[in-house]
Every structure is written in C-alpha cells, then in structure tokens.
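**Q** my questions are about this predicted structure, shown below with the sequence.
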Amino acid sequence: MRAYLAYLSKRLVQFAVVVFVGINITYLVTHMTPINPVEQSISAATTYGATSPEAIEMMRQSLRQLYGLEGTPWEQYVAFWKRVLVGDFGPSLSAFPTPVSQLILRALPWTVGLLLVSTLLTWILGNLLGGLAGYYRNNRILKAFGVLSMGIHPIPYYVVAFVLLIIFGFLWPVLPISGGATMASDRSNTFAFALDVVVHSILPVLSLMAVGIGGWFMGMRALVSNIVTEDYVVYAELAGVRRGKILRSYVMRNALGPQVTGLALQLGAIFNGAIITEQVFGYPGVGSLLISAVHAGDYSLVLGITTVSIVAVSATVLLIDLLYPLIDPRVEAG
C-alpha cells in the first residue's frame with residue numbers, strides 16, 4: 001500500500017507538471033500572435049457608426065478587463081491562471097460577447113458523442129475480429145477481412161470520407177451528408193430528435209471506423225498469434241479445454257492489456273475533436289469550432305479549446321497509470 005501511495009503521488013506530480021507546461025506553452029503561443037482582440041472588437045463595434053473618443057476609451061478599458069489584458073505581462077499571466085482555475089476563458093472574439101466556456105460546452109456533446117461511439121465500436125470490432133483471426137488462422141473470411149483492413153488502413157482519412165460521401169450522398173442518397181441534425185427538427189420531441197442525430201452521425205462514424213478498425217485488428221491479431229504459442233495455451237488445448245473458452249479466458253484476457261491502454265488514450269483524445277471529420281461532414285463539434293476560431297483569429301477560443309484538451313488527455317493518462325497496477329497484478333507500481 002505504501003508503494004502504491006508513493007506511485008500515486010509521483011503520478012499526480014507528473015500530471016500537474018504536464019498540464020502546467022502545456023497550458024503555459026499555449027498561453028505564450030496565443031499571446032505572441034499579432035492579433036489584438038480589444039482593437040478588433042472596437043473596430044467591429046464602430047464599423048456602422050461614429051463613436052466619440054471618450055466612449056471608445058471606455059470601451060477599450062472594459063474590453064481589456066474582459067480579455068484579461070490589464071496591467072503588466074506578469075499581472076496578465078497571473079490573472080489568466082486565476083480565470084483558468086475557475087473555467088473562465090473570457091468572451092469569444094468571433095462570437096462576442098458569448099463566453100468561450102459556453103461555446104465549448106455547446107460543441108463538446110457533439111464531438112464526445114460522435115467519437116465515443118465510433119471509438120468504442122471500432123475498438124470492440126477490431127479486437128474481436130483480430131483475436132479470432134489470430135486464433136483461427138486458417139479461417140478464410142477472417143483472412144479476407146485482414147487483407148481488406150490492411151488495404152484501407154493506410155489510405156488517408158479524407159479520401160475514405162469523401163468516397164463514403166459520394167456513395168451515400170450522391171450515387172445512393174439514403175443518408176444525410178452534412179450537419180449534426182436537421183435544422184427544422186423538433187427538439188421538444190426527444191425520441192425523434194435523438195433518431196435524427198443518430199441518422200446524421202452514421203456517415204461520420206462509418207468513415208472513422210473504416211480507417212481505424214484495421215489498426216486494432218492487426219494489433220490484436222499479432223498479440224494473439226504470440227500468445228497461442230505459450231505453454232499454458234498449448235497445455236489447455238492438450239487437456240481438452242474448449243477452444244472458445246481458451247480464446248476467451250486465456251488468450252484474449254492476456255492480450256487485452258495493451259489494447260485497453262490504447263483505448264484509454266484514444267478516449268482522452270476525443271476532446272480534441274475530429275477536425276477533418278467535422279469539416280468534411282459539417283459536424284458542429286469542437287473540431288469545427290477550433291477551425292473557425294483559428295480562421296477568425298479568436299485566440300481566447302483557441303486557448304480555451306486547447307486547455308480543455310490538455311487537461312482531458314492528461315487526466316486520462318493519469319487514470320490509466322493509476323488503474324493499471326490494480327487491473328494487471330503483473331505490473332508493479334513504481
């Protein structure tokens with residue numbers, strides 16, 4: 001127990017350092033840009049009418065306070081961290097005066113829902129088929145799937161996405177090709193709206209699965225192919241244990257460790273958003289929001305999205321590090 005507590009404290013310190021350094025780098029990069037959000041906001045506000053110099057100066061002072069740009073660089077830096085600790089990233093420049101946190105919270109469910117479903121389905125199917133292919137090495141169907149997955153895996157994602165878009169959007173138009181839901185959908189009808197969201201997510205999910213399943217398949221097949229040669233597996237087969245039980249209880253269980261780690265890392269990364277996916281299919285998630293923020297020079301929004309991503313990925317890695325010694329007794333905490 002003492003060893004695990006030492007391990008826990010070490011990992012917590014590493015987590016804090018990674019988050020601190022990552023957010024600081026993001027802060028420096030965004031504040032080194034030539035964009036001045038205060039002057040841009042004033043310019044936008046005075047485009048359609050004359051404003052007195054006194055009113056402009058009052059506006060400038062208010063905006064400096066809103067964007068945390070008052071005082072010396074050190075005072076701005078301290079103010080930034082005070083706001084970050086309470087989740088306040090200030091107003092968005094491109095959607096002023098909407099708070100950055102509100103925009104992120106609005107986009108996050110779309111990204112999390114899309115990528116959570118696609119990641120879990122890809123992981124489950126890839127590992128299941130890969131495990132079967134590694135154990136039943138002479139199965140023709142699994143061999144054919146292996147060849148197909150290895151053929152699709154190296155293809156750039158956007159190519160696969162556009163192919164699916166052309167097939168199901170134009171040649172055989174049975175699925176919606178853009179958006180997260182129908183604009184005129186009745187959101188008061190929960191079931192109808194949920195069904196509409198599911199239908200709109202089919203193409204993005206299929207595109208992500210088509211590219212991602214090959215990696216899990218090949219990884220699990222390689223792991224299982226090595227494990228089936230172990231003495232305890234050979235002994236179980238000679239003892240007459242059913243092959244299904246051997247695969248489930250002896251082979252797959254021991255092969256899942258590295259795959260679970262990979263899954264956890266991917267689940268942490270879903271907060272980044274699938275930028276290309278959301279751009280191709282016009283999906284209203286964090287990826288699309290980030291691209292819009294970059295194009296608009298909205299550094300507050302870029303900083304907010306990046307900070308959320310850094311914390312989420314680091315927290316996921318921390319969770320893996322803390323749980324792995326408990327899940328797998330062969331791994332020592334230290």
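**A** Alright, I've got the coordinates.

**Q** ok, so what distance separates H31 from V100?
**A** 15 Å (C-beta to C-beta, to the nearest Å). Glycine gets a C-beta too; all of them are placed from N, C-alpha and C.

**Q** output the below-cut-off pLDDT ranges for the protein.
**A** Scanning the chain for pLDDT under 70 picks out 1, 4, 34-52, 54-56, 59, 65, 67-68, 183-189, 268-273, 324-334.

**Q** verify the stated contact: R221 with G134.
**A** Yes: between R221 and G134 there is a contact at 4.2 Å, judged by C-beta atoms under 8 Å.

**Q** now do the phi/psi pair for A181.
**A** Phi and psi for A181, reported as degrees, to the nearest 10, are phi -160, psi 160.

**Q** in contact with it, which residues?
**A** 193, 196-197, 200 (C-beta atoms under 8 Å, 6 or more residues apart in numbering).

**Q** out of those, who's the most crowded?
**A** H200 (23 neighbours; other C-beta atoms under 10 Å).

**Q** that one is in contact with G169, isn't it?
**A** No: assessed by C-beta under 8 Å, H200 is found out of contact with G169, at 12.0 Å.

**Q** list the buried ones in the longest helix belonging to the chain?
**A** Looking across the chain with DSSP state H, the single longest helix is helix 190-227. Going by neighbour count (16 or more other C-beta atoms under 10 Å), the buried part of helix 190-227 is 196-197, 200-201, 203-221, 223-225, 227.

**Q** with stretch 120-136 instead?
**A** 121-123, 126-127, 129-135.

**Q** all helices of the protein, in order?
**A** Along the chain, counting by DSSP H, helices occupy 2-31, 37-45, 53-66, 73-84, 100-135, 140-152, 157-166, 190-227, 231-238, 243-245, 253-269, 275-280, 286-296, 299-327.

**Q** pipe the ones you listed into JSON lines and attach distance to T182 per row.
**A** Shown next, in JSON lines, are the helices of the chain (distance: least, C-beta to C-beta, whole Å):
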{"stretch": "helix 2-31", "distance to T182": "36"}
{"stretch": "helix 37-45", "distance to T182": "32"}
{"stretch": "helix 53-66", "distance to T182": "36"}
{"stretch": "helix 73-84", "distance to T182": "37"}
{"stretch": "helix 100-135", "distance to T182": "14"}
{"stretch": "helix 140-152", "distance to T182": "30"}
{"stretch": "helix 157-166", "distance to T182": "18"}
{"stretch": "helix 190-227", "distance to T182": "5"}
{"stretch": "helix 231-238", "distance to T182": "52"}
{"stretch": "helix 243-245", "distance to T182": "45"}
{"stretch": "helix 253-269", "distance to T182": "29"}
{"stretch": "helix 275-280", "distance to T182": "17"}
{"stretch": "helix 286-296", "distance to T182": "17"}
{"stretch": "helix 299-327", "distance to T182": "26"}
